[in-house]
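Peer 1: sequence-free structure coming up:
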């Protein structure tokens, strides 16, 4: 008997996107390291990867994170 083998239990209506199986699941079936969420709806979970890509692009192009003062460089 495994002492620390506890099944993750989700709440009905919580949706997750499994990165391991590339599928949407209601309630977490897979370990936390392999999933994104929770999302409020199945549709939101289906678009998890697109949402992550959009947020990454926003962060990568955010001038507040890429200005010279933030990096400790002089402007002149």
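Peer 2: Nice, thanks for sending it over. Quantities reported herein were computed from a predicted structural model and do not represent experimental measurements.

Peer 1: residue 48 contacts residue 38, correct?
Peer 2: No. Taking contacts as C-beta atoms under 8 Å, residue 48 lies outside contact range of residue 38: 10.5 Å. For the C-beta atoms, the positions are set from N, CA and C on the backbone; glycine is no exception.

Peer 1: what's downstream of the biggest helix by length in the chain, the next helix or strand?
Peer 2: Scanning the chain for the helix with the most residues, using DSSP state H, yields helix 48-60. Remark: after helix 48-60, the chain's next helix or strand is helix 63-66, criterion DSSP states H and E.

Peer 1: mind listing what residue 61 touches?
Peer 2: By C-beta atoms under 8 Å, 6 or more residues apart in numbering, residue 61 lies in contact with nothing.

Peer 1: ok, it to residue 22 distance?
Peer 2: 27 Å (C-beta to C-beta, to the nearest Å).

Peer 1: likewise residue 16?
Peer 2: From residue 16 to residue 22 the distance is 12 Å (C-beta to C-beta).

Peer 1: and these two? Which one has more around it.
Peer 2: Neighbours were counted for residue 16 and for residue 22 using other C-beta atoms under 10 Å; residue 16 has more, 24 against 8.

Peer 1: the more buried one belongs to a strand, doesn't it?
Peer 2: Yes. According to DSSP: H, G, I helix; E, B strand; the rest coil, the state of residue 16 is that of a strand.

Peer 1: shouldn't residue 28 be in contact with residue 35?
Peer 2: Yes. The pair residue 28 and residue 35 passes the contact test of C-beta under 8 Å, sitting 5.9 Å apart.

Peer 1: what touches both of the two?
Peer 2: residue 16.

Peer 1: need the residues that contact the longest helix of the chain.
Peer 2: Applying C-beta under 8 Å, 6+ apart, the set of residues contacting helix 48-60 from outside is 17, 36, 37, 39, 44, 65.

Peer 1: and it, what's buried?
Peer 2: Within helix 48-60, the residues scored as buried using 16 or more other C-beta atoms under 10 Å are residue 48.

Peer 1: what's the average pLDDT for that helix?
Peer 2: For helix 48-60, mean pLDDT is 95.

Peer 1: again with stretch 15-26
Peer 2: 95.
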